[in-house]
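Visitor: Sequence and predicted structure below; questions after.
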Amino acid sequence: MSLDDKFSALRKGLLEFLLLKIIAADKVYVADIISQLRDTEFATQEGTLYPLLSKMRREELLNYEWQESDAGPPRKYYKLTAKGREQLRELTDYWNTINNTVKKLGP
Amino acid sequence: MNKVISIHLHGVAFQLEESGYNALRAYLDKAERQLDGNPDKAEIVADIEQAISDKFRALLAASRNVVLSADVEAVIKEMGPVTDDPSSATSSAKTEPNSNTRASSESSSVPPPPPQPKRLYRLKDGAMLAGVCNGLAAYIGIDVTLLRLAVAILIFFSFGTVAIAYIVGALIIPTAQTPEEKTAASGAPPTTAQEFIRRAKEGYYEGYKTFGDREAHRAWKRKFKYEMREWKQRLRHEYRWGWWARPTPSVPPGSPVPPVPPVSPTAAVPPPSPPDGAYAVMPVLATIRALLLFFCVLGILSLFTTGSLLGLPLPGHMPAWAGIVLVILAYKVAVAPIKAIRRNYYYRLNGWPIPFHPFTEFWLSVLPFFVIVFGVWLADILIPGVHQALLNIPVFLQNASDAIHQWWTQR
């Protein structure tokens, strides 16, 4: 397994966590999410994002509402549900714990 | 001048160039296949259509109202493949690196692209009837002539079952329309069509880099348009007239654009020029061949209906069927050198080694014919029904021609 593969496996696990974070900050639509992720290691395309968002909605982590936009047809704005907020809290805690462990162990 | 197709995505109407429409159709079909079994399939596809619609609208803001094929390709590339597997969620992030990591990943060893998935399509390019044999041959990777031969023989021995299978295949197997589908049909090396798409994509991304500088962007636009027009013409010629009418790329006199260095290193090798005189000889040969075919068919029909060859009675007591065999054989013999010359030119043009000796060509064209005649003969001896059916053919044709004649005189 090359280093790149290992990184990509890490990113895979974290993308959902990051989506929860982004959506928790503000109501967003997909183009917002894409542009926020664009310059990070987590750059993602619509083709992957839409199926993932729909899976998270099935798990009742998030929901959306239609909102008029000043240009063109209404857009889907995503926001977290109570369950999503709860899961984000747990994930953040867990992330911090892991971070501490990584720092504590080893040289 | 290009045909446009009107579509609507999520309630917004767009006009797309035809090849762009095909590419978009293929992308959305593939997305739907990927999402099969997903309970939210319809919703996700609608989301994706809306995203594409937004991107198209952003492109069209600048005083034009047709979405070009290159635009469609760029948008599809931006959207990325639709993947349902949540475990591969960010794999696309790796294949779509941002511009600074891109150079490094290209200079280092790039992993070979995964083999294209093969699908069964009907291939209309070079098809004889509906392209079923052509597509099947590409799918299993054997020579199409062999397959056609096998099918022709099987039709005799299976009492038409294979013919019915062919018709069913023609009805249910989809036709390969986009370059991607044509590649998927065989995994063949890129044709001009694919090269065209690739160049369009490449040129388009080249253009992104110049967005900051207005003058540079304008220069790119001119160059891109010019290049694409030339490729499009070449492609169209190749489809319509065959290889020999392919125009040699030339700069029109007084063109404001200097000749542009080729985009890719592979294109740096100039295409071999056609052999001298090919432009004059090939149409003549094609005409001669068409005339020969015409007379061959006419001769066969006259033998069937009147028993004489275009008014000339057959020598001795030769039966009509032997006359037909002789006529077809004569046609094959006459056409063999023409075919050999054409193939020879074609191979030379592509810079391939020429594996064909004129005699090979002759046997290649005559042998299948003998096999078919032998097959009919065997069927005639072994299967009683076939014998009767063969005997009825002249009567049937006679009746048919009488009916046509009657209809014609009654008019």
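Guide: Nice, thanks for sending it over. Numbering: from 1, shown residues only, chains lettered A, B, ... in the order given.
Visitor: Helix or strand: which one has the most centrally placed residue in chain A?
Guide: Residue closest to the average C-alpha location in chain A (Cα atoms, centre = their mean): residue A:19, at 1.2 Å. Residue A:19 belongs to helix A:3-25 when assigned by DSSP states H and E.
Visitor: Also residue B:147?
Guide: helix B:144-157.
Visitor: Quick one: work out the angle between whichever strand or helix holds residue B:367 and helix B:144-157.
Guide: Using DSSP H and E, residue B:367 sits in helix B:358-382. Compare the direction of helix B:358-382 with that of helix B:144-157 by axes from the mean of the first three to the mean of the last three Cα atoms, to 10 degrees and you get 10 degrees.
Visitor: Which elements pack onto helix B:358-382?
Guide: Packing partners of helix B:358-382 (3 or more Cβ pairs under 8 Å, 6 or more residues apart in numbering or on different chains; DSSP states H and E): helix B:144-157, helix B:320-350, helix B:384-410. Every C-beta, even on glycine, is put in place using the N, C-alpha and C of the backbone.
Visitor: rewinding a little: packing partners for the helix holding residue A:19?
Guide: Helix A:3-25 packs on helix A:30-38, helix A:46-58, strand A:75-80, helix A:82-104, helix B:91-95, going by 3+ Cβ pairs under 8 Å, 6+ apart.
Visitor: one more time with 7 Å
Guide: helix A:30-38, strand A:75-80, helix A:82-104, helix B:91-95 (3 or more Cβ pairs under 7 Å, 6 or more residues apart in numbering or on different chains; DSSP states H and E).
Visitor: just to revisit the earlier point, so which of the helices and strands packed on helix B:358-382 comes closest to chain A?
Guide: helix B:144-157 (35.5 Å; Cβ to the nearest Cβ).
Visitor: who in chain A is up against chain B?
Guide: A:8, A:11-12, A:15, A:30-31, A:39, A:42-48, A:50-52, A:54-55, A:58, A:72-73 (Cβ under 7 Å from any Cβ of the partner chain).
Visitor: Just give the number of residues close to residue B:302.
Guide: By the criterion of other Cβ atoms under 10 Å in any protein chain shown, residue B:302 has 19 neighbours.
Visitor: Got the confidence number for the residue in the stretch 1-150 of chain B positioned nearest to chain A?
Guide: Closest residue of the stretch 1-150 of chain B to chain A, Cβ to the nearest Cβ: residue B:80 (2.8 Å). pLDDT, residue B:80: 84.
Visitor: Would you confirm that it contacts residue A:49?
Guide: No: counting by Cβ atoms under 7 Å, residue B:80 does not reach residue A:49; the two are 8.7 Å apart.
Visitor: quick one, which of these two is more surrounded?
Guide: Taking other Cβ under 10 Å, residue B:80 and residue A:49 do not tie; residue A:49 has more neighbours (24 against 19).
Visitor: Now for the more buried one: which residues touch it?
Guide: Residue A:49 makes contact with A:30, A:33-34 under the criterion Cβ atoms under 7 Å, 6 or more residues apart in numbering or on different chains.
Visitor: What about these, which one has the most neighbours?
Guide: Counting by other Cβ under 10 Å, top hit in those: residue A:30 with 21 neighbours.
Visitor: right, and that residue touches residue B:48 too?
Guide: No: contact status for residue A:30 versus residue B:48: not in contact, 9.8 Å apart, counting by Cβ under 7 Å.
Visitor: Can you check which residues contact both of the two?
Guide: A:46, A:50.
Visitor: ok so, going back, now for the helix holding residue B:147, which elements pack on it?
Guide: helix B:132-140, helix B:161-172, helix B:358-382.
Visitor: will you turn those into a markdown table that also has mean pLDDT and mean neighbour count?
Guide: Output for these, formatted as a markdown table (pLDDT from 0 to 100; neighbours: other Cβ atoms under 10 Å in any protein chain shown):
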| stretch | mean pLDDT | mean neighbour count |
| --- | --- | --- |
| helix B:132-140 | 80 | 22 |
| helix B:161-172 | 80 | 14 |
| helix B:358-382 | 76 | 14 |
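Visitor: Cheers, nothing more for now.
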